[in-house]
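Visitor: Generate coordinates for the sequence data below:
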Amino acid sequence: MLYNFAPTESPHFYQLNFGYRITPKDAIILEAITWRYHAPNGGVLGDTKDKYPGYVRDMGIGLAYQRFFWKGLYSTFHATPFVQQYFTSTGNKIQTGFQLFLTLRVGYHLELFKNRLFVEPSIAFTHWPINTNLPNSFEQVEKKYPNYFLFEPGLHIGFNF
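Guide: Down below sits the predicted model:
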């Protein structure tokens with residue numbers, strides 16, 4: 001993620017996926033994800049007007065199902081339970097919560113270099129129906145925004161083994 005190189009408020013976003021093709025059109029994916037954020041996920045990309053009085057660190061292991069429809073066109077459904085740690089602006093941990101993060105992604109799978117490398121540009125709809133144990137100060141900011149985000153751009157790059 002290029003935003004990891006931001007001089008301030010880097011999300012420290014890291015994701016590692018392991019996928020297995022069950023059939024030529026179906027795959028299951030195990031994904032480990034960690035990241036942090038300083039504002040609600042339901043806000044507008046790049047909008048920094050409402051920030052938390054600190055940040056949230058998410059850590060989770062999720063499962064996804066991917067279906068290929070036509071040529072490289074695909075959709076993927078992800079379900080990732082996150083343990084959320086809430087921190088003050090000085091980096092002190094104040095509370096732990098839980099979030100169930102769901103993603104529906106539609107994209108195109110491109111094979112490169114004799115099918116050893118792939119690139120998947122996509123658009124996603126994300127939703128977090130369960131979000132528990134937020135500190136009150138974080139909840140006051142969070143409740144101003146929806147618990148979904150439409151049209152999140154994505155770009156997965158990977159290797160076939």
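Visitor: Would you map the strands across this protein?
Guide: Remark: strands assigned in the chain by DSSP state E are 14-23, 26-37, 54-70, 73-88, 93-108, 110-112, 117-132, 148-159.
Visitor: Any stretches of the protein with poor pLDDT?
Guide: Low-confidence segments of the chain, defined by pLDDT under 70: 1-8, 44-48.
Visitor: If Arg21 is in a bridge, with which residues?
Guide: Residues in a beta bridge with Arg21, per DSSP bridges, are Ala27.
Visitor: what's the neighbour count on it?
Guide: Close neighbours of Arg21, defined as other C-beta atoms under 10 Å, add up to 12. Glycine gets a C-beta too; all of them are placed from N, C-alpha and C.
Visitor: what's the answer for the one 5 residues further on, then?
Guide: Neighbours of Asp26 under the rule other C-beta under 10 Å: 12.
Visitor: Please list all residues in contact with it.
Guide: By C-beta atoms under 8 Å, 6 or more residues apart in numbering, the residues touching Asp26 are Tyr65, Gln66, Arg67, Phe68.
Visitor: Would you mind measuring from the last one to Tyr74?
Guide: The spacing between Phe68 and Tyr74, counted by C-beta to C-beta, to the nearest Å, is 5 Å.
Visitor: do the same with Leu100
Guide: 23 Å.
Visitor: between these two, which one's more packed in?
Guide: Neighbours were tallied for Leu100 and for Tyr74 using other C-beta under 10 Å; the higher tally belongs to Tyr74 (19 against 16).
Visitor: Minimum distance to Gly43: which of the strands of the chain has it?
Guide: Nearest to Gly43, of all these, is strand 148-159, at 8.2 Å by C-beta to C-beta.
Visitor: Please identify the pairing partners of that closest one and their relative orientation?
Guide: Strand 148-159 sits in its sheet next to strand 117-132 (antiparallel), going by DSSP bridges.
Visitor: Kindly tell me how buried Thr88 is, as a neighbour count.
Guide: Counted with other C-beta under 10 Å, residues neighbouring Thr88 total 14.
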